[in-house]
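Chemist: Just a sequence and a predicted model for now, questions to come.
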Amino acid sequence: MNRDQLYSLAPTDRAFREMSGDQKKQVVAAFALEVLKEIRNEGREPDAWESVHLMHALGALHGERLTYALTLIELAIEDPADRAPEAVARIQKELASAETLERAFRDAQARSAPGT
């Protein structure tokens with residue numbers, strides 16, 4: 001996974017603050033979808049760490065906690081060597097598939113599109 005390339009897709013804090021609510025929702029959903037696309041391009045499903053952080057990001061997106069959602073997506077792509085071992089061990093075993101997450105983020109993106 002090209003984490004540097006994915007991190008570069010996230011807007012700066014200043015740029016994100018200056019966006020409208022709908023723009024922020026679009027950016028968050030698009031960022032998550034790019035992460036999922038990269039995972040799929042690797043021919044795999046999200047691992048436990050990625051899945052949990054993306055599921056929580058989806059919840060934050062729907063709860064309009066958009067900065068938090070963006071942070072959770074950034075955490076999802078954290079290098080496995082940098083992940084907190086205690087947290088990894090506690091992560092739930094019921095994971096969402098890439099397909100389920102993609103569908104949910106696309107739905108969230110469609111709901112935040114202007115005119116919807």
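Modeler: Received the coordinates, thanks.

Chemist: Pass me the low-pLDDT residue ranges in this protein, would you?
Modeler: Applying pLDDT under 70 to the chain flags residues 88, 92, 113-116.

Chemist: any idea where the helices of it begin and end?
Modeler: Remark: helices assigned in the chain by DSSP state H are 3-9, 13-17, 21-41, 48-62, 66-76, 85-90, 98-111.

Chemist: want to throw those into a markdown table with mean neighbour count?
Modeler: For the C-beta atoms, the positions are set from N, CA and C on the backbone; glycine is no exception. Formatted as a markdown table, those follow (neighbours: other C-beta atoms under 10 Å):
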| stretch | mean neighbour count |
| --- | --- |
| helix 3-9 | 12 |
| helix 13-17 | 11 |
| helix 21-41 | 19 |
| helix 48-62 | 21 |
| helix 66-76 | 20 |
| helix 85-90 | 10 |
| helix 98-111 | 17 |
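
Chemist: who touches the spatially closest residue to Ser97 that is not a sequence neighbour in this structure?
Modeler: Take Ser97 and drop its neighbours on the chain: the residue closest to it by C-beta to C-beta, 6 or more residues apart in numbering is Glu45, 5.7 Å away. Glu45 sits next to Ile39, Ser51, Leu95, Ser97, Ala98 when contact means C-beta atoms under 8 Å, 6 or more residues apart in numbering.
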